[in-house]
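Chemist: coords please:
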Amino acid sequence: DGRLRPLIGAATGLLIGTGVAIGSGIFRNPQLVAQQVQTPALMLAAWLFGGLFFTLAGLLTAELATRYPRTGGEYIFLRQVYGPFVAFFFGWGYTVFVVGGGVATMAVAFGDFTRQLLQWTGGPAWHSGAIGATAVAVIAGVNLLGLRAGAGTQNLLTLLKVGALLTIVVVAAIKGRPVGWFDSPPPAPIATQPAEAGGLLLWLGLFGAAMMPVMWCYEGTTDSVKMTEEIRDPRRAMPIALVGAGLLVTCVYLLLNWAFLRVLTPAEMAASKVVPAEVFTRWAGPAGEKLALLLAMGVVLGGISSAIVSCVRVTYALARDGMAFSFLGRMSVDQAPVGALLVGVGFAIVLALSGAYRDVLTVYTMSTGLLFGLVNLSLFIIRLREWWRGVEATPIACFRCPAGMAVSLFLAGTQFAIAAGVAWGDVTDYGGVLTKRTLLTFLAITALYLVWPKPRHENRT
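Modeler: Numbers count the residues shown, from 1 in each chain. Coordinates of the predicted model:
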């Protein structure tokens, strides 16, 4: 029936989610959080809330994955619940925004860190894209050898980067100073505005602003769901992989930010360009900065590897259903989606070299809030339909998300609120440029769907 062989286990699934999530964000976003809330307890509360959100997302996704254990993840769920159009939109949007723009962003970050390490700071910005594109091409070459080669490489890179990041925690525990969790922030406009206004809403607004960079850092913890069909015993493995990745990434981020606060004050974090580099410089001078850049390169390279392994499976699933060019749905004997891999990586390389990934990501920010909101809402719709039809709540072969309908509404509401907040901020601050681009993208994919030859039968599980 065209099903793929289950070649990997729960541990690899867990490491894939961990590897995708832990990328350049942990180097560039802690200072953004500190710029909004400069009380250590609130800073860690933001990271904890993000972790709990994505752990709940792991529980919900585990039920959906075991209901529909096919490669493609969210694309499959949307097809089952909302029909082919929403799934078509997600599949094509994911190919452009995530496989293209997301990998290109990490590639350029890798190039930036490499140039800083080698002190190649002169020259045009596309040099960073060229370095990153080379790294992407190498990782893609490994993945063309098959699933086992690609998964094994990303497993090694993920274990190495988690181990290296936890080394920071150990050193900070030994050499750092105690953290004053509820110390008042120093006088600064960001810190004093809520106190002067005396408004709880202003505090909530700043905390909400701090959550945006936090949520970005957790994106990807559920990406192993895109490979459900290729994971052994999904009923047992998917909850372990999806929830385990959320919990592991949460622990790593909480420990890392605790370590940062043992070395830097919140104000110093807010003023820093790259918090880990500042920490290493405090410990070891200029040599410490080089160590931090090497660590950053390793972390981002691991993120690229994890994303390539998992994300191209959405494009493959789209083509397997006849909703994309047929060559994108071809799988090698060793289970490498060759067509989807080459096109996705090629698109990422072009975006990295041209710098156009920035425009792609502005659209990604809003559209994913909407699309993943629909994914999260799908479990509520499924259970509501089952209740209405008098069907038994959950098939025995499926994992059941605790309080699934409530979790579904909470996650969906949060995602929709993020999308609305981004749109409102774009309209008020930038005249709606991002919103217009998103709407144009929606219209373009709608037009593509209308002219695309529809498959004669639906490929449903």
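Chemist: give me the distance between the two termini of stretch 424-436.
Modeler: Its first and final residues considered, stretch 424-436 spans 12 Å by C-alpha to C-alpha, to the nearest Å.
Chemist: mind showing which ranges of the stretch 101-250 of the chain have poor pLDDT?
Modeler: 182-202 (pLDDT under 70).
Chemist: where along it do the helices fall?
Modeler: 103-118, 126-143, 147-175, 189-197, 200-218, 234-263 (DSSP state H, counting those that start in this stretch).
Chemist: out of these, nearest to residue 92?
Modeler: Among the helices of the stretch 101-250 of the chain, the nearest to residue 92 by C-beta to C-beta is helix 103-118 (16.2 Å). The way it works is simple: take the backbone N, C-alpha and C, and place the C-beta from them, glycine included.
Chemist: buried residues of that closest one, list them for me.
Modeler: Neighbour counts over helix 103-118 (16 or more other C-beta atoms under 10 Å) mark 103-117 as buried.
Chemist: same deal with stretch 126-143?
Modeler: Buried, per 16+ other C-beta under 10 Å, within stretch 126-143: 127-129, 131-136, 139-140, 142-143.
Chemist: ok, so of the buried residues of helix 103-118, who is nearest residue 413?
Modeler: Among these, and counting by C-beta to C-beta, the member closest to residue 413 is residue 105, at 27.3 Å.
Chemist: so that closest one makes contact with residue 25?
Modeler: No: between residue 105 and residue 25 there is no contact under C-beta atoms under 8 Å: 9.9 Å.
Chemist: quick one: the helices in the stretch 251-400 of the chain?
Modeler: Counting by DSSP H, counting those that start in this stretch, the helices of the stretch 251-400 of the chain are 266-271, 275-284, 286-320, 338-354, 357-389.
Chemist: and residue 85, which of those is closest to it?
Modeler: helix 357-389 (11.6 Å).
Chemist: could you say what helices and strands the very next helix or strand once past the closest one packs with?
Modeler: Once the chain leaves helix 357-389, the next helix or strand it forms, by DSSP states H and E, is helix 404-430. Contacting helix 404-430 under the criterion 3 or more C-beta pairs under 8 Å, 6 or more residues apart in numbering; DSSP states H and E are the following elements: helix 40-67, helix 200-218, helix 357-389, helix 433-451.
Chemist: next, the angle helix 433-451 makes with helix 404-430.
Modeler: 120 degrees (axes from the mean of the first three to the mean of the last three C-alpha atoms, to 10 degrees).
Chemist: residues of helix 404-430 that come out buried?
Modeler: 404, 407-408, 410-412, 414-416, 418-419, 421-423, 426.
Chemist: ok, stretch 381-390 next?
Modeler: For stretch 381-390, by 16+ other C-beta under 10 Å, it's 381-383.
Chemist: cool, and stretch 333-353?
Modeler: By 16+ other C-beta under 10 Å, the buried positions in stretch 333-353 come out as 335-345, 347-349, 351-353.
Chemist: distance from the chain centre to stretch 230-250, please.
Modeler: 16 Å (C-alpha atoms, centre = their mean, to the nearest Å).
Chemist: cool, stretch 162-182 as well?
Modeler: Mean-position distance between stretch 162-182 and its chain equals 25 Å (C-alpha atoms, centre = their mean).
Chemist: and for stretch 326-343?
Modeler: With C-alpha atoms, centre = their mean, you get 23 Å for stretch 326-343.
Chemist: tell me which residues touch the residue nearest to residue 383 when sequence neighbours are not counted, please.
Modeler: Counting by C-beta to C-beta, 6 or more residues apart in numbering, residue 405 is the residue found nearest to residue 383 once chain neighbours are left out, at 5.4 Å. Residues in contact with residue 405 (C-beta atoms under 8 Å, 6 or more residues apart in numbering) are 379-380, 383-384.
Chemist: closest one of these to residue 241?
Modeler: Closest to residue 241, out of all of the contacts of residue 405 and judged by C-beta to C-beta, is residue 379, at 17.8 Å.
Chemist: so how far is residue 376 from the nearest residue to that closest one once chain neighbours are set aside?
Modeler: In space, residue 379 comes closest to residue 408 once its chain neighbours are excluded; the distance is 4.2 Å by C-beta to C-beta, 6+ apart. Distance from residue 408 to residue 376, counting by C-beta to C-beta, to the nearest Å: 6 Å.
Chemist: then residue 138?
Modeler: In terms of C-beta to C-beta, residue 138 sits 35 Å off from residue 376.
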